[in-house]
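A.B. asks: Predicted model, plus sequence, below.
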Amino acid sequence: MSKKVIVIGSGPGGYPAALRLKELGADVCIVEAWDFGGTCLNRGCIPSKAFLDTGHRVHAFEGLRKLLKDGSGVNFSPDMLDWDKVKARRADVITKLRTSLEKLFQAKKIEVIRGRAAFSGSNEITITGPQGEIKKTFDAAILAAGTRPSFPPPFRDFHEQLTDSDRIFDLPRLPKSLLIVGGGVIGLEFACFFNAVGVKVEVLELLPDILAGEDPQVTRAVRSSFEKRGVKFHFGKKTASLELGAGLKAAVLEDGTRIEAEEILVGAGRAADLTGMGLEALGLAWDRRGVKVSDRMLTAVPGVYAVGDVNGISLLAHSASRQGEIAAENIMGADHAFDDSIVPKCVYAWPEVGSVGLNKAQAEAKGLAVKTARAFYLGIGKAVATDETEGFAQLVFDAGDETVLGAQIVGGPATELIHVIALAVKLKLKRRDLKEIIYAHPTMAEAIHEALQK
């Protein structure tokens, strides 16, 4: 008799788990309270990339302008951008992908129930939705409910008057100015897009720099690029108060600095909200970071797993997908662990950022003696030919046997190239192993090859 498994949430953690469970012969049901595909597909990864692609096209047009004949009359200004069409394109992308995913579940004959799930016993959930109340028992359950935008004080008191990374896509019009709270991945990607389409952008970050935990060489390069394009940063200062009038909104910092903008986007991270999910019926504790799990994705309750943002390990869609597959396989008898050391961390602005494994400071904090090697795109043929010379590839090695410990890539297709190093970290390859690869010419990947020669 096959195991009955309930998956709560259809985002990048939940739907791969359900598909893998079905492949392994489980009787699986997936429960979704909101839009199928979760935050990533509907309000996160995918729509933000659709926006960024629009911004990149504008950015590319500006680069093309210098090749046009004098007096050609070809021009672009942000006023020419149709905001409704930008939003419609994003909606069309979401619809296509969501429809495809729903058809896949239909083809696989995986039961999908719409509604809010809550544990009502050690092996039972209650689903409240359009169909009324449904009770289902299970042998195992995977909690993949995700997170919601977090509003730190004093912003949380003005939640409805501000926007966040979920609601920014539905602004009725393109603002002339935008203050972004948070200099992490979310904040930088939106700063990049809105700056490209002519919005005056300022970023407020409580820490001393952007991209907390990233290598200083990376943060310096990205910050410099943004500043050259007109993005203004404010570091290390708390917001004392907010003033939200009929016109401009204003954040007043602790030193008296006043920052005004038409809209304020709070992009200071995400937090778990598991209220009403009946975790107390299981005796399962949680906080804003979510539910604690082992590296097998198992919670403190036998048979109950938690994957993706809701366990707080790695708030990335691809981490969630792998964790979902691991939970599914372990439910069906395997004993697999999640390895956070090989998770690529990506920023999809320009310049792009891709990093994996350890940077120099992280390796040294672990007591490792390391050496680094860096090559700049300025010396790479493909980069010069395509006018993408901003950035570099930096590799981190063990100083002794030259095992690859990690890498940081800025610029070019960094989010694609980083997978080469992820594989090297996973397989514990040495510098000489990567040097033996033949890198096609001309490609941006030659930056990795050049760094290996240093």
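C.D. replies: Received it, and whenever you're ready, just let me know what you need. Numbering: from 1, shown residues only.

A.B. asks: tell me the mean pLDDT over the helix or strand encompassing residue 192?
C.D. replies: Using DSSP states H and E, residue 192 maps to helix 185-196. The average pLDDT within helix 185-196 is 96.

A.B. asks: what does stretch 304-315 give?
C.D. replies: pLDDT averaged over stretch 304-315 gives 96.

A.B. asks: Quick check: end-to-end length of that stretch?
C.D. replies: 20 Å (CA to CA, to the nearest Å).

A.B. asks: do stretch 37-53 as well
C.D. replies: Note: stretch 37-53 ends 21 Å apart using CA to CA.

A.B. asks: how about the nearest residue to residue 376 once chain neighbours are set aside, what does it touch?
C.D. replies: Nearest non-adjacent residue to residue 376, counting by CB to CB, 6 or more residues apart in numbering: residue 392, 4.6 Å away. In this view, the C-beta of every residue, glycine as well, is placed from N, C-alpha and C. With contact set as CB atoms under 8 Å, 6 or more residues apart in numbering, residue 392 has these partners: 217, 221, 374-377, 409-411, 447, 451.

A.B. asks: Filter the residues you listed down to the ones in strands?
C.D. replies: 374-376, 409-410 (DSSP state E).

A.B. asks: Show me the helices in the stretch 151-300 of the chain, by range?
C.D. replies: 185-196, 216-228, 279-282 (DSSP state H, counting those that start in this stretch).

A.B. asks: still on that earlier bit, now do the helix holding residue 192: everything it contacts.
C.D. replies: 48, 51-52, 54-56, 58-59, 165, 168, 175, 178, 180-181, 201, 203, 205, 210-211, 222, 226, 229-231, 265, 267-269, 346-350.

A.B. asks: burial measure for residue 159, as a count.
C.D. replies: 12 (other CB atoms under 10 Å).

A.B. asks: Name the nearest residue to it, ignoring sequence neighbours.
C.D. replies: residue 151 (5.5 Å).

A.B. asks: Is that neighbour in contact with residue 267, as I believe?
C.D. replies: No: the pair residue 151 / residue 267 is not scored as a contact, 10.4 Å apart, by CB atoms under 8 Å.

A.B. asks: mind checking pLDDT for residue 440?
C.D. replies: With respect to pLDDT, residue 440 has a value of 98.

A.B. asks: Leaving out chain neighbours, which residue sits closest to it?
C.D. replies: Counting by CB to CB, 6+ apart, the residue nearest residue 440 is residue 446, at 8.0 Å.

A.B. asks: so who does that neighbour touch?
C.D. replies: Applying CB under 8 Å, 6+ apart, the residues near residue 446 are 380-382, 439-440.

A.B. asks: List only those of these flagged as buried.
C.D. replies: 380, 382, 439 (16 or more other CB atoms under 10 Å).

A.B. asks: And the second one, how far from residue 392?
C.D. replies: Put plainly, it is residue 382. For residue 382, the distance to residue 392 (CB to CB, to the nearest Å) stands at 14 Å.

A.B. asks: now swap in the last one and tell me
C.D. replies: Separation of residue 439 from residue 392 (CB to CB) stands at 16 Å.

A.B. asks: just to revisit the earlier point, just the buried residues from the contacts of helix 185-196, in PyMOL please.
C.D. replies: Applying 16+ other CB under 10 Å to the contacts of helix 185-196 leaves a buried subset, and the PyMOL line that selects it is:
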select buried, resi 48+51+52+54+55+56+58+59+165+168+175+178+180+181+201+203+205+210+211+222+226+231+265+267+268+269+346+347+348+349+350
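
A.B. asks: tell me which of the contacts of residue 392 is nearest to residue 428?
C.D. replies: Within the contacts of residue 392, proximity to residue 428 (CB to CB) peaks at residue 451, which comes in at 18.6 Å.

A.B. asks: Please determine how far the residue lying closest to the closest one once chain neighbours are set aside is located from residue 439.
C.D. replies: Distances taken as CB to CB, 6+ apart put residue 375 closest to residue 451, at 4.0 Å, once the chain neighbours are dropped. Using CB to CB, residue 375 is found at 11 Å from residue 439.

A.B. asks: which residues are common contacts for these two?
C.D. replies: In contact with both residue 375 and residue 439: 448-449, using CB under 8 Å, 6+ apart.

A.B. asks: so how far does stretch 394-411 reach from one end to the other?
C.D. replies: Stretch 394-411: ends 11 Å apart by CA to CA.

A.B. asks: Now residue 135. Its backbone dihedrals?
C.D. replies: Note on residue 135: its backbone torsions stand at phi -110, psi 130 [degrees, to the nearest 10].

A.B. asks: In space, what's closest to it - neighbours in sequence excluded?
C.D. replies: Counting by CB to CB, 6+ apart, the residue nearest residue 135 is residue 126, at 5.3 Å.

A.B. asks: how deep is the residue nearest to residue 159 tucked in, by neighbour count?
C.D. replies: Counted with other CB under 10 Å, residue 151 comes out at 18.

A.B. asks: Repeat that for the one 4 residues further on.
C.D. replies: Residue 155 sits with 19 neighbouring residues when counted by other CB under 10 Å.

A.B. asks: Quick check, pLDDT for it.
C.D. replies: 95.

A.B. asks: tell me the contacts of it?
C.D. replies: 162, 181, 239, 242, 264, 266, 268.

A.B. asks: so how far is stretch 7-25 off the chain centroid?
C.D. replies: 20 Å (CA atoms, centre = their mean, to the nearest Å).

A.B. asks: And that stretch, what's buried?
C.D. replies: 7-22, 24.

A.B. asks: do the same with stretch 334-354
C.D. replies: For stretch 334-354, the neighbour count (16+ other CB under 10 Å) marks 338, 342-354 as buried.

A.B. asks: Now render those as CSV, adding pLDDT.
C.D. replies: As requested, the buried residues of stretch 334-354 are exported to CSV (pLDDT from 0 to 100):
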residue, pLDDT
338, 97
342, 96
343, 97
344, 98
345, 97
346, 98
347, 98
348, 97
349, 96
350, 94
351, 96
352, 98
353, 98
354, 98
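
A.B. asks: Which ones among the residues you listed lie within strands?
C.D. replies: 345-347, 353-354.

A.B. asks: Of these, just say which sits nearest to residue 104.
C.D. replies: Of these, the one sitting nearest to residue 104 (CB to CB) turns out to be residue 346, at 24.8 Å.

A.B. asks: What separation do you get for the closest one and residue 317?
C.D. replies: 10 Å.

A.B. asks: what's the answer for residue 428, then?
C.D. replies: For residue 428, the distance to residue 317 - CB to CB - is 26 Å.
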